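Student: structure of the sequence below:
(chains A and B, ligands or ions: 4)
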Amino acid sequence: MTDDAPLLDVENLWVRFQTRTGVFDAVRGISFTLGRERLGIVGESGSGKSMTGRAVLRLIRPPGEIEADRLQIHGEDVLTASEKRMRQLRGGRVSMIMQDPKFSLNPVMTVGQQLVEALRAHEPVSRAEARKRALATLDEVAIRDPERVLNLYPHEVSGGMGQRIMIAMMLLPDPEILIADEPTSALDVSVQLQVLDIMDKLVRERGMGLMFISHDLNLVAKFCDRIVIMYAGRIVETCKASELRHARHPYTLGLLNSVPDLEHPRDRLEVLQRDPAWREAPSVSARQ
Amino acid sequence: MSAIDIRNLTVWFGHGADRADAVRDVSFEVADGESFGLVGESGSGKSTILRAIAGLVPTWSGQMTVAGETLGPKRSKSFYRKVQMVFQDPYASLHPRHTVDRVLSEAMQLHGVRDIDTRIGRLLDDVGLGPGFRFRYPHQLSGGQRQRVAIARALACDPAIVLLDEPTSALDVSVQAEILNLLTDLRQEHKLTYVMVSHDLGVVGHLCERIGVMQEGRFVEVLSVEAMRRQQAEAPYTRHLLESSINSIR
Ligand SMILES: Nc1ncnc2c1ncn2[C@@H]1O[C@H](COP(=O)(O)OP(=O)(O)OP(=O)(O)O)[C@@H](O)[C@H]1O
Ligand SMILES: Nc1ncnc2c1ncn2[C@@H]1O[C@H](COP(=O)(O)OP(=O)(O)OP(=O)(O)O)[C@@H](O)[C@H]1O
Ligand SMILES: [Mg+2]
Ligand SMILES: [Mg+2]
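Tutor: Ligands and ions are numbered 1, 2, ... in the order given. The predicted model follows:
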């Protein structure tokens, strides 16, 4: 493996669900690569962002099915890997911060127990050492009073705290690829900046690859290197983050225009006028 | 008369040495038909204020008068007809084994709403979900679709006051725009009163007239959206929030 080979290599990925009313294609033949970069995945609700992230780690629950011409993590084939190998990869070299933090935390274990176990599952460290690192990581994600928070159960922490705890847990094992699904949607702006800073450092200093799933276009434009815009399971446009303001697709423009802005109030917000042709247009490749 | 009058509200968790005060001596009023926003640091007690009003946290002191009722430890059934809450976490707030149809019809039955069948269709339409979603389970919905069901449920029995905890933070910007427009319309049509928590100043600015800014359980200041827009915040924390707020790129 040469080092400039992509960390993630995805070609013609499909995610399908058998439903009572027929087959539903949540992801319809998308192609992209992820290098040591910050790749933003944006798109409206239901466009297939989470399913794309989950498919990479083969985390689609039945009756969902994954199909692809190629789905590789650092050259290793995900489609044929054993379940045991996938468990090793998940939470080790590849971490995923799920969209619903509280749902992904174990409700009957304290925050501290979960952090310690998460770390010990991938590294042979003592409990005391793991606890020390857990405290340090909570501190890093700007949790006030981390000692108290270690002893809380998930239902006892606020929305934004839950989200940061998940982030801390996923960063503990020092992953090579991080898939972050709406990781900062419950955070106030100043904590959000701190969390983005941490991820940014990992990309710059340790060469991590970050797949950043978000519906916040302004955020993605400021924070990522490259952007993929999804609609109805396909990629309709891809661009450098700095070029998002020059986006051409009416869907992307519609999304940009529907953001409420404190400084420029409007009586009514613009909403998307969807064109049926968008669904049918072939997926744009986001491979590099 | 104001729809909501909160005086010296303190809310705590734990006992004795373990007691942690999540809300400290907070007072505010919300007029009938007004929208009041709550912003502030993560963990500062915003959700806890809404949960205390809704009767979900028993350990509080102070006075709360909401929709004409002076609140004690318990809430009456009529209280929940008048006051509804949309939760921050759309996963936790929907029963995993109930279809959308069941979630909505149970909410209506509970409050004696008639003509349930037609109303469910209308509600789903109002929140931008077609009839195809009616018999789905929560796990068959995306995060945003689930939040729309939660909003539909809160509106199912025509409440007068709606407590909204980050109602759109799980939604994409277009659906967010739809929901904010919907909340604006509903407010006009039904003279609703809102208290909305959001960390997005653009969102609060769009829907609310006045904003309470929180840090470590306290109000650091209450100011009008106009003042915020003109960057006329007094408290250093509010200024900090305004500065770190990510502005639109367009
Ligand atoms: N088990 C399932 N059965 C049928 N359809 C499903 C199932 N799970 C998800 N879907 C559908 O797949 C589509 C893509 O879902 P996904 O969670 O990827 O959306 P998303 O882009 O992440 O949206 P959001 O921004 O709301 O989180 C949605 O339309 C959703 O309803
Ligand atoms: N059931 C509980 N037991 C113990 N502590 C709790 C409980 N619920 C909330 N807390 C604590 O109360 C404080 C305030 O939490 P709250 O959920 O109100 O914050 P918030 O302002 O809504 O934050 P966010 O923006 O992150 O949602 C936090 O420190 C939290 O840990
Ligand atoms: Mg999602
Ligand atoms: Mg909250």
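Student: gap between the residue nearest the centre of chain B and chain A?
Tutor: With distances taken as Cα atoms, centre = their mean, the residue of chain B nearest its centroid is residue B:164 (1.0 Å). As judged by Cβ to the nearest Cβ, to the nearest Å, residue B:164 and chain A stand 13 Å apart. Heads up, the C-betas are built off the backbone N, CA and C, glycines and all.
Student: separation between that residue and residue A:247?
Tutor: Distance from residue B:164 to residue A:247, counting by Cβ to Cβ, to the nearest Å: 31 Å.
Student: with residue B:222 instead?
Tutor: 39 Å.
Student: tell me which of these two has more neighbours.
Tutor: Neighbour tally, residue B:222 and residue A:247, criterion other Cβ atoms under 10 Å in any protein chain shown: the higher count belongs to residue A:247, 20 against 15.
Student: list the residues that contact that one.
Tutor: A:229, A:237, A:239, A:253, A:256 (Cβ atoms under 8 Å, 6 or more residues apart in numbering or on different chains).
Student: surely residue A:281 meets residue A:233?
Tutor: No - Residue A:281 lies out of contact with residue A:233 (Cβ atoms under 8 Å); the separation is 11.9 Å.
Student: neighbour count: these two, which is higher?
Tutor: Using other Cβ under 10 Å as the criterion, residue A:281 and residue A:233 rank with residue A:233 on top: 25 against 15.
Student: so what's the predicted local confidence for residue 59?
Tutor: Picked chain A for this. For residue A:59, the pLDDT comes out at 92.
Student: oops, I was thinking of chain B
Tutor: 95.
Student: go on, residue B:247?
Tutor: 58.
Student: can you report how many residues lie near residue B:113?
Tutor: Residues lying near residue B:113 (other Cβ under 10 Å) number 16.
Student: quick one: it and residue B:157 touch, right?
Tutor: Yes - between residue B:113 and residue B:157 a contact is recorded at 5.6 Å, counting by Cβ under 8 Å.
Student: closest residue of the stretch 1-150 of chain A to chain B?
Tutor: Per Cβ to the nearest Cβ, residue A:45 is where the stretch 1-150 of chain A lies closest to chain B, at 2.8 Å.
Student: so how far is ligand 1 from the residue of chain B positioned farthest from its centre?
Tutor: Distance from the centre of chain B peaks at residue B:17, with 31.6 Å (Cα atoms, centre = their mean). Distance of residue B:17 to ligand 1, given as Cβ to the nearest ligand atom, to the nearest Å: 41 Å.
Student: where do the helices sit along the stretch 1-150 of chain A?
Tutor: All helices of the stretch 1-150 of chain A, identified by DSSP state H, counting those that start in this stretch, fall at A:49-56, A:83-89, A:101-104, A:111-120, A:127-140, A:146-150.
Student: please apply the same query to chain B.
Tutor: Assigned helices in chain B, in chain order: B:46-53, B:77-82, B:100-110, B:116-126, B:143-155, B:173-190, B:201-207, B:225-229, B:236-244 (criterion: DSSP state H).
Student: do the fourth one and chain A meet at all?
Tutor: No - Helix B:116-126 is not in contact with chain A by Cβ under 8 Å from any Cβ of the partner chain; minimum separation 13.5 Å.
Student: having no further points to raise, I will conclude here.
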